[in-house]
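A.B. asks: Structure for the following, please:
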Amino acid sequence: MAFFGSKKVSPTSDLDTSPRPRVASALAPFQQQLVQLTRPGETASLAIITDTHYKAGFDPTFYGINGLQHTKEFVADVASQPGVDAYAHLGDLIDGSEPAPVSIAHLQDCVAAFQQPLNKPFYIAKGNHDDNDKFDEHQTVRRASFTANTFNDIVLAADYKQPALQRFSQKYGVAWLDVGPVRFLFINTSDVPYELNRFGIKKYDVKLNLAVRTGQVAEIAQILQMSDNKSIIVCGHGNLLKANHKDGLHYNGRTLHELFRAFNLHARGQVNNHAKKADFQIDMPFDFTHIRNARITAYVCGHRHIEQTFLDHDIRYLLLNCSALMGKGHQLTTGYNARWDRRYGETTEYAGYTLVADPAQGRLAVLGYGAATPLREFSMWFPKK
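C.D. replies: Numbering: from 1, shown residues only. Prediction:
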């Protein structure tokens, strides 16, 4: 049995993932605080869930079907709120540890949960678990269980169907959304070549290789070239940098971060990362000298299953906790989640956030629920009128 507040509850039937009234009640204080922080037409707000790790079966302390339930509850009780302008899933929708037909069905379930008629734009990022490589790793013959376009055809296709979500192409998983002076820029940190050897085994395991490549970086630079008068919040799955300021991706996290710094300095130059592997080489010019009244202010991501914030020069990194249930006693559970002692049926079972950018107050509020800090506030640069 699990507990919710002071009441004993049994898990719903193992396959019931409909939003639970008790969760809606538990989120009432969060919703009230959101109302106080948001002013339609004046603030820019993005609701975020990340790392749901949806997989089959029920587990009272770890990954399972609760991942889909958390997604549905996020859409019903958080993304639907009047103060929210848009909503996002920052990747690892699924655990990627099951046979391809099962994992494909799970991706479809998550997309269907996001495609509710809220009349708001959404974005779903690719996480390093979303190509099903965890399943492949545990097979005697590690043949790829997903095709090159499995994730794109299910998830990115749903992203790009939305007219409000702007993009230059549908190749890389890059898109942007403007809410007043705030630009939310979405990127893909699982930008890894899909190449198979003669045995059908991938050259690069997506789960073990977070990366951005030259085509995506060029498209990001193109978006930045037309970002005058914007305060930009970049969102992705993996952190470009670690708190010690070393590369947070396996390929080109620091390179992309330095391009962001060049943008903030209105500089021109050449990106040349001198990568040893040709697949990840970047050699391209950039020129941000004409940019006026714009800055990249924050980078927001999941992946690490912790909460953390740090500054690298003038860019604030915000790492958000996983929605996936991570209870004590599991090998993969991070220390951060072990301290929450998360269990099914308790308010710490799930986790999610809403970012509220407030130009009038010069503030970025990070409002959390469940296994998350309730409220953090940071100063934020906004364009001068």
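A.B. asks: Tell me where the chain is predicted with low confidence.
C.D. replies: 1-14 (pLDDT under 70).
A.B. asks: Apart from its chain neighbours, what residue comes closest to the residue nearest the centre of it?
C.D. replies: In the chain, the centroid-proximal residue (Cα atoms, centre = their mean) is Leu90; its distance is 1.5 Å. Nearest non-adjacent residue to Leu90, counting by Cβ to Cβ, 6 or more residues apart in numbering: Thr50, 3.8 Å away. (Glycine included, C-beta is placed from N, CA and C.)
A.B. asks: For that neighbour, give me its contacts.
C.D. replies: Each residue near Thr50 by Cβ atoms under 8 Å, 6 or more residues apart in numbering is listed here: His89, Leu90, Gly91, Asp92, Gly127, His237, Cys301, Gly302, His303, Leu320, Cys322, Ser323.
A.B. asks: surely the residue nearest to the centre of the chain meets Leu319?
C.D. replies: No. Counting by Cβ atoms under 8 Å, Leu90 sits too far from Leu319 to count as a contact (10.3 Å).
A.B. asks: what touches both of those two?
C.D. replies: Cys301, Gly302, His303.
A.B. asks: As a markdown table, those residues with neighbour count would be great.
C.D. replies: A markdown table is the format used below for the shared contacts of Leu90 and Leu319 (neighbours: other Cβ atoms under 10 Å):
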| residue | neighbour count |
| --- | --- |
| Cys301 | 26 |
| Gly302 | 30 |
| His303 | 26 |
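A.B. asks: ok, the residue nearest to Leu90 to Gly41 distance?
C.D. replies: Noted for Thr50: a distance of 27 Å to Gly41, by Cβ to Cβ, to the nearest Å.
A.B. asks: rewinding a little: which of the contacts of Thr50 fall within strands?
C.D. replies: Using DSSP state E, the subset of these located in strands is His89, Cys301.
A.B. asks: I'd like the contacts of Thr50 laid out as TSV, including distance to His250.
C.D. replies: Below are these laid out as TSV (distance: Cβ to Cβ, whole Å):
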residue	distance to His250
His89	22
Leu90	18
Gly91	15
Asp92	16
Gly127	14
His237	13
Cys301	15
Gly302	17
His303	12
Leu320	21
Cys322	20
Ser323	24
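A.B. asks: from the contacts of Thr50, which is closest to Leu367?
C.D. replies: Closest approach to Leu367 among those (Cβ to Cβ): Leu320, at 11.4 Å.
A.B. asks: So that closest one versus Ile233, what's the distance?
C.D. replies: 13 Å.
A.B. asks: And the helices in the stretch 101-250 of the chain?
C.D. replies: 133-137, 150-151, 157-160, 214-224 (DSSP state H, counting those that start in this stretch).
A.B. asks: which residues are contacting the last one?
C.D. replies: Right, the one you point to is helix 214-224. Residues contacting helix 214-224 (Cβ under 8 Å, 6+ apart): 168-169, 171-174, 176, 185, 187-188, 191, 232, 252, 255-256, 259, 263, 271, 281-284, 286, 288, 291, 296.
A.B. asks: so where do the strands sit in the stretch 201-350 of the chain?
C.D. replies: Secondary structure of the stretch 201-350 of the chain (DSSP state E, counting those that start in this stretch): strands located at 231-235, 268-272, 283-287, 295-301, 308-312, 315-319.
A.B. asks: With distance to Leu208 added, can I get those in TSV?
C.D. replies: TSV is the format used below for the strands of the stretch 201-350 of the chain (distance: least, Cβ to Cβ, whole Å):
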stretch	distance to Leu208
strand 231-235	22
strand 268-272	25
strand 283-287	25
strand 295-301	17
strand 308-312	22
strand 315-319	19
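A.B. asks: chain center to stretch 184-193: distance?
C.D. replies: Relative to its chain's centre, stretch 184-193 lies at 10 Å (Cα atoms, centre = their mean, to the nearest Å).
A.B. asks: End to end on that stretch, go ahead and measure it.
C.D. replies: 26 Å (Cα to Cα, to the nearest Å).
A.B. asks: ok, the residue nearest to Phe114 when sequence neighbours are not counted to Tyr87 distance?
C.D. replies: Nearest non-adjacent residue to Phe114, counting by Cβ to Cβ, 6+ apart: Phe122, 5.3 Å away. As judged by Cβ to Cβ, Phe122 and Tyr87 stand 5 Å apart.
A.B. asks: who has more neighbours, these two?
C.D. replies: Tyr87 (26 against 23; other Cβ atoms under 10 Å).
A.B. asks: tell me what the strand or helix carrying that one is packed against?
C.D. replies: Here Tyr87, judged by DSSP states H and E, is contained in strand 86-89. Applying 3 or more Cβ pairs under 8 Å, 6 or more residues apart in numbering; DSSP states H and E, one finds that strand 86-89 makes contact with strand 44-49, helix 100-114, strand 122-124, strand 182-186.
A.B. asks: Can you tell me the strand partners of the first one and which way each runs?
C.D. replies: Each strand that pairs with strand 44-49, with its direction, by DSSP bridges: strand 86-89 (parallel), strand 351-358 (antiparallel).
A.B. asks: Distance to Arg22 added to those strands, as CSV?
C.D. replies: Converted to CSV, these look like this (distance: least, Cβ to Cβ, whole Å):
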stretch, distance to Arg22
strand 86-89, 22
strand 351-358, 16
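A.B. asks: on that earlier part again, need the overlap of contacts for Leu320 and Ile233.
C.D. replies: With Cβ under 8 Å, 6+ apart as the test, Leu320 and Ile233 both reach Val300.
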